[in-house]
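*Asks:* I'll drop the sequence and a predicted model, then ask my questions.
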Amino acid sequence: MPSALPIATACVLGVLGTTLNAAEPPGRVSFERDVAPLFRSACIGCHSGSDAKGGLDLTTTHTAMARGDDGPRIVPGQPAASPLLDRLIDGSMPPKGKSPRPTAVQIERVRHWIQQGAAWPPRLKLSRYDMTTDRWAGRDWWSLQPIHRPAPPPLPNGLTAANPIDRFVQAKLAEHRLTVNPPTDRRSFLRRVTFDLLGLPPTPGQLANFLADPAPDASRRLVDRLLASPHYGERWGRHWLDVIGYTESDGFEHDKFRPHSWRYRDYVVSSFNEGLPYDEFVRQQLAGDVLPNPSRKSIAATGFLVSGEWDEVQHVGSSKSEMRRAREEELAEMIGTVSGTFLGLTVHCCRCHDHKFDPLPQVDYYRIRAIFDGVDHSRGSKPGNRSILSDAEAKEIAQTKAPLIARQNTLNTELAQVRQLLPSEATLKAGSQPDKTLVDGQHGKALNAAHTYATLPSKTSYHQPPLTVECWGLARTRNKFNVFVANNPKTSEHWELYSFTGKGDFTVYMPAYKPATIRSGVVITDGRWHYLAMQFDGKSVRLFVDGKQVRHQVVTRIRKPGPLGTLDLGAYSPEPVGCDGAVDDVRISNFIRPITRDAPKAFTADKHTVGLWNFDAIRSGHFVDGSRKSGSPDVQEARRLEHRLTDQLQTVTTQIASLAPPVGYIGFRHQPGATHVLLRGDIKAQGPRVTPRGLSSLADLSGDLGLPADAPEAQRRRRFARWVTNGRNPLTARVMANRIWQFHFGAGLARNTSDLGFNGGRPTHPQLLDWLASELIRSNWDLKHMHRLMVLSTTYRQSSATRPKAAARDADNRWLWRFTPRRLEAEVVRDAMLAVSGELNSTMYGPSVQPFTVTVFNTHFYHLFDSPDARFNRRTCYRANVITGRDPLLDCFDCPSPSVATPQRRTTVTPSQALALMNNSFVLRQARLFADRVRRLASGSPSDQADWAVRLAFCRPATRGERTPLANLIRNHGLNHACWALLNSSEFLYSP
């Protein structure tokens, strides 16, 4: 059959032309006005770029008019010969479900456009980002538009509201035929706002004072007191650490602990407490080390950039390609944290391609990558612990330290000269059980080598022949048990006497000679004291056990023995593993002393004795060398001089130590090289070079930072920090205003607080969000001002009671017709228990508490323990936040892993939560201490105890219906059990 498609198309077009003639646009059709909107909304999503479907690219006139495999898709002047128009008419394009169907009017405009020659401005390039559709956000997306300050709307039906927040909320409620709940009672408001601002329960005294204050501004003054509390920074600092995914360990395979990460946490807490303006808070975290006049705080703030995980294995122990891939992952995590935290966009999602949902081209990712390309977690295997002193401070401290160091060197020299005149002293090095350092010996006291060793500076006479070493030793097992070690910690040049692992015989080891190991063959691990001796004349070694020669070995020197740094007596380890023995008197002589079976139990000194120690006379942790007469006048004078010099040295050393630079985990900086787009994110597919820039899609702010491609590293971050906090940047203020709202009301006005892009959806109250963002900027970025506005609003102070009709209309409370009660977060549950029991340790700042021991076996294993020690009762934000050392109680209550950023915590209800509250050792101990506190406050009456327990736990008196059964529980099962039951109750765990 002859081609029927042109005839059919002509018929359809004829019908359309007849039907739509009245709607036909007058005059000439404008491509930009009449056709481009349809292409953007219905076509560009599939027909653009190098992977355009069907090879049809509708982004430019050149690509749109190009000839395909089956001919041109658009034939200017010939609608009937243009397959593109056919697909629109027959409904095959756009595919069903992809985009809204074009209207007949839109199709007719395309026909007219083709008929009139398909004119397309040559410089006009269409982009899927030009406009928002139901599948992606365009440059007209709400969060990318300038912030306007809308006037609070008028209220219907004679309603009044002094707080602008309430006017916006009540107007929206009226649209949905809803009204706010009545105000909550003052006690519930106190408990709610105290938990929200401090993360702690109010005390009975605070409740009594607030209820007794009838002044109209009582609530405002209460809020001011709470915002002035140092606990405010701890509470809101913890929120911030959630948002950024702050961790105190590396994660990944090794999960090494970061002992100096706490500097950043302390910076966050103090910044909230001090009311640091939010824009400055942002700038310091991005570029605090390169801003004008940097301080310790602003430098510590840059710990933000390296607050996430770091894969040491891939960065240090891999091939170059794997290390480069790991570096790309590190930067992607950094960019994702920066963009999500401050801009509320998922910029890291366009690392391999243009963003699928937001107007973020791939090049934007690499432009921002160029900004942070000079920031590293580590330098090789060296972790990112670095001084947080500014250059000016470091220079000033160096000038102060220089004369102190010179004085320290002089004192050390003088002390060394004086100590040549003194008997040597062996310093006690206690192990894990200091009370077991000494045991009964062969004569008086002996050194317990299972728990202790003693060390002193070595002398040439301790290891150069001729030499005789004698001691009394006791070994119980065949594990290695050192008697005497002359050691050089920097080399293997040393020698030692020991009973050997597995053999149990008396042995000497001298690696500078051959043979290095000389065994006696006589087992001494029989649990008895033995007189052990060695003679060494430089050519041979003789070993003696109980005065009898048991071995004579000729030795040959194979290398010159190096200098020996220390001499150690005993186990030679602060934590000896498997040692089981003791050492009594030790004597070293600088000649070949005759050894007889008639050995003295206590050695004496003579002119050949160069070292003599027994363990009866311990003075300030030292064992005195008895080879010299300590009572002689010259020794006494030298001792007095030594004490004076030691005191002076201690003073100078303390002064120098006080000038040690504070260290924080802030990473390293270097000047980055060229940054190129990586095509498809492939490190081997390098694209065009980029310059450091901000985002290109903001309506009222260019991303141009005015930087060349090779700009200095410091300049890149400094300019970017200013771009982020520019008042014309619509994202920064919107994101933070939305976060504060979320933490007070349980959900943001835009539900995903770290993604204000397409997937985050539109805000429920867009005008309110813009008003709040503008108010944040207008208040000089004052976060405490925003708290006051929100918590003093009627919307916040309303009751949490449910109403069936309202719940049926708005089950999720999106329109805020009531206050949504919320379960306390995991840390707040723990802190509240400590507060109620009276055990909360309010110490602020400083190194994190580490409620775990660490075992290192390729990776780091964190073994948690529960301790009643007061230092472990600090607020939970001060506990070391490691990735694999998770607390089971906190985990039960949805404490997030620090390995990921958590802008919104989930809230689950599981049986394990009830079981943890019933059985966890921490909960049981706090219940017992809670009961002890009640006993101190209340009389012995169960009724009075019940009332006090409820007052402390719930911030209210017990009702009549509660007092009687609780008093009966106390009588029958004890106060401890009653307090435990209160800590398990829903009222304790929820903010009203």
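*Replies:* Great, that's in hand.
*Asks:* Neighbours of the closest residue to residue 305 other than its chain neighbours, how many?
*Replies:* Closest residue to residue 305 apart from its sequence neighbours, by Cβ to Cβ, 6 or more residues apart in numbering: residue 375 at 5.1 Å. All C-beta atoms are positioned from the backbone trio N, CA, C, and that covers glycine. Burial measure for residue 375: 22 neighbouring residues, criterion other Cβ atoms under 10 Å.
*Asks:* give the contact list for residue 375.
*Replies:* Going by Cβ atoms under 8 Å, 6 or more residues apart in numbering, residue 375 touches 305-306, 334, 667-669, 717.
*Asks:* can you rerun that using 10 Å?
*Replies:* Shown in contact with residue 375 (Cβ atoms under 10 Å, 6 or more residues apart in numbering): 302, 305-306, 330-331, 334, 384, 666-670, 672, 713, 716-717.
*Asks:* what does residue 224 give?
*Replies:* Residue 224 is in contact with 217, 784, 788, counting by Cβ under 10 Å, 6+ apart.
*Asks:* What's the local residue count around the first one?
*Replies:* So that's residue 217. When neighbours are counted by other Cβ under 10 Å, residue 217 registers 11.
*Asks:* State the phi and psi torsions of it.
*Replies:* Main-chain dihedrals, residue 217, degrees, to the nearest 10: phi -100, psi 20.
*Asks:* how near is it to residue 223?
*Replies:* Look at residue 217 and residue 223: by Cβ to Cβ, to the nearest Å, they are 10 Å apart.
*Asks:* what residues do those two have in common as contacts?
*Replies:* Joint contacts of residue 217 and residue 223 (Cβ under 10 Å, 6+ apart) are residue 792.
*Asks:* Helices of the stretch 251-400 of the chain, start to end?
*Replies:* Remark: helices assigned in the stretch 251-400 of the chain by DSSP state H, counting those that start in this stretch are 262-274, 278-287, 296-301, 312-316, 320-338, 362-372, 391-419.
*Asks:* Just give the number of residues close to residue 854.
*Replies:* For residue 854, the neighbour count with other Cβ under 10 Å is 15.
*Asks:* Would you verify that it is located in a strand?
*Replies:* Yes - counting by DSSP: H, G, I helix; E, B strand; the rest coil, residue 854 is part of a strand.
*Asks:* Would you agree it is in contact with residue 259?
*Replies:* No - using Cβ atoms under 10 Å, residue 854 is not in contact with residue 259; the gap is 11.1 Å.
*Asks:* So which elements touch the longest strand anywhere in the chain?
*Replies:* Ranked by residue count, the top strand of the chain under DSSP state E comes out as strand 609-619. For strand 609-619, the packing partners by 3 or more Cβ pairs under 10 Å, 6 or more residues apart in numbering; DSSP states H and E come out as strand 425-430, strand 438-440, strand 445-448, strand 452-457, strand 467-475, strand 566-570, strand 581-589, strand 622-625.
*Asks:* May I have the strands that pair with the shortest one, each with its orientation?
*Replies:* Read that as strand 438-440. Here strand 438-440 has these sheet partners by DSSP bridges: strand 445-448 (antiparallel).
*Asks:* I'd like the distance from the strand it pairs with to the chain centre, please.
*Replies:* Taking Cα atoms, centre = their mean, to the nearest Å, one finds strand 445-448 lying 47 Å from the centre of the chain it belongs to.
*Asks:* Can you show me the CA trace of that strand as PDB?
*Replies:* Extracted in PDB, the C-alpha atoms of strand 445-448 (Å, rounded to 0.1, in the frame of the first residue of the first chain):
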ATOM      1  CA  LYS A 445      62.400  -7.700  99.800                       C
ATOM      2  CA  ALA A 446      62.600  -8.700  96.100                       C
ATOM      3  CA  LEU A 447      61.400  -7.200  92.900                       C
ATOM      4  CA  ASN A 448      58.200  -8.900  91.700                       C
END
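*Asks:* And the contacts of residue 375, which two are furthest apart?
*Replies:* Greatest spatial distance among the contacts of residue 375 (Cβ to Cβ): 384 and 716, at 18.7 Å.
*Asks:* can you pull out the helices in the stretch 601-750 of the chain?
*Replies:* 633-658, 713-724, 730-745.
*Asks:* May I have the beta-bridge partners of residue 505?
*Replies:* For residue 505, the beta-bridge partners are residue 523 (DSSP bridges).
*Asks:* neighbours around it, how many?
*Replies:* 20.
*Asks:* Quick one: end-to-end distance for stretch 299-313.
*Replies:* Start and end residues of stretch 299-313 are separated by 28 Å (Cα to Cα, to the nearest Å).
*Asks:* buried set for it?
*Replies:* For stretch 299-313, a neighbour-count test (16 or more other Cβ atoms under 10 Å) marks 299-312 as buried.
*Asks:* about what we covered before: in its sheet, which strands sit next to the longest strand of the chain, and in what direction?
*Replies:* strand 581-589 (antiparallel), strand 622-625 (antiparallel).
*Asks:* and these, which one's lowest on average pLDDT?
*Replies:* The stretch with the lowest mean pLDDT among these is strand 622-625, at a mean of 58.
*Asks:* tell me the SS of the nearest residue to residue 833 once chain neighbours are set aside?
*Replies:* Residue nearest to residue 833 in three dimensions, not counting chain neighbours: residue 926, with 4.3 Å by Cβ to Cβ, 6+ apart. Assigned with three-state DSSP, residue 926 falls in the helix class.
*Asks:* if we can go back for a sec, who's more crowded, residue 384 and residue 716?
*Replies:* Between residue 384 and residue 716, counting by other Cβ under 10 Å, residue 716 is the more crowded of the two (26 against 21).
*Asks:* what's that one in contact with, if anything?
*Replies:* Going by Cβ under 10 Å, 6+ apart, residue 716 touches 287, 290, 368, 370-375, 671-672, 691-693, 705, 707.
*Asks:* What of residue 157?
*Replies:* Contacts of residue 157 (Cβ under 10 Å, 6+ apart): 170, 174, 179.
*Asks:* Spell out the secondary structure type for residue 814.
*Replies:* coil.
*Asks:* Of the helices of the stretch 601-750 of the chain, flag the one that's most buried.
*Replies:* Comparing these by mean neighbour count (mean count of other Cβ atoms under 10 Å), helix 730-745 ranks first with a mean of 23.
*Asks:* name the helices or strands packed onto that helix?
*Replies:* Going by 3+ Cβ pairs under 10 Å, 6+ apart, helix 730-745 lies up against helix 186-198, helix 230-244, helix 278-287, helix 713-724, helix 766-778, helix 783-791, helix 794-797.
*Asks:* rank the helices of the stretch 251-400 of the chain by pLDDT, which is bottom?
*Replies:* helix 312-316 (a mean of 82).
*Asks:* and that helix, how far out from the chain's middle?
*Replies:* Per Cα atoms, centre = their mean, the centroid offset for helix 312-316 relative to its chain is 19 Å.
*Asks:* So which elements touch it?
*Replies:* On a contact count with 3+ Cβ pairs under 10 Å, 6+ apart, helix 312-316 meets helix 320-338, strand 378-379.
*Asks:* Tell me which of the ones you listed lies nearest to residue 411.
*Replies:* For residue 411, the closest of the helices and strands packed on helix 312-316 is strand 378-379, at 34.8 Å, according to Cβ to Cβ.
*Asks:* care to break this protein down by domain?
*Replies:* 5-126, 259-388+667-727, 390-419+637-660, 423-627 (automatic domain parsing).
*Asks:* Can you convert those domains into TSV and add a column each for distance to residue 240?
*Replies:* Shown next, in TSV, are the domains of the chain (distance: least, Cβ to Cβ, whole Å):
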stretch	distance to residue 240
domain 5-126	37
domain 259-388+667-727	5
domain 390-419+637-660	24
domain 423-627	39
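*Asks:* hang on, the earlier thing: closest one to residue 904 among the helices and strands packed on helix 730-745?
*Replies:* Nearest to residue 904, of all the helices and strands packed on helix 730-745, is helix 230-244, at 8.7 Å by Cβ to Cβ.
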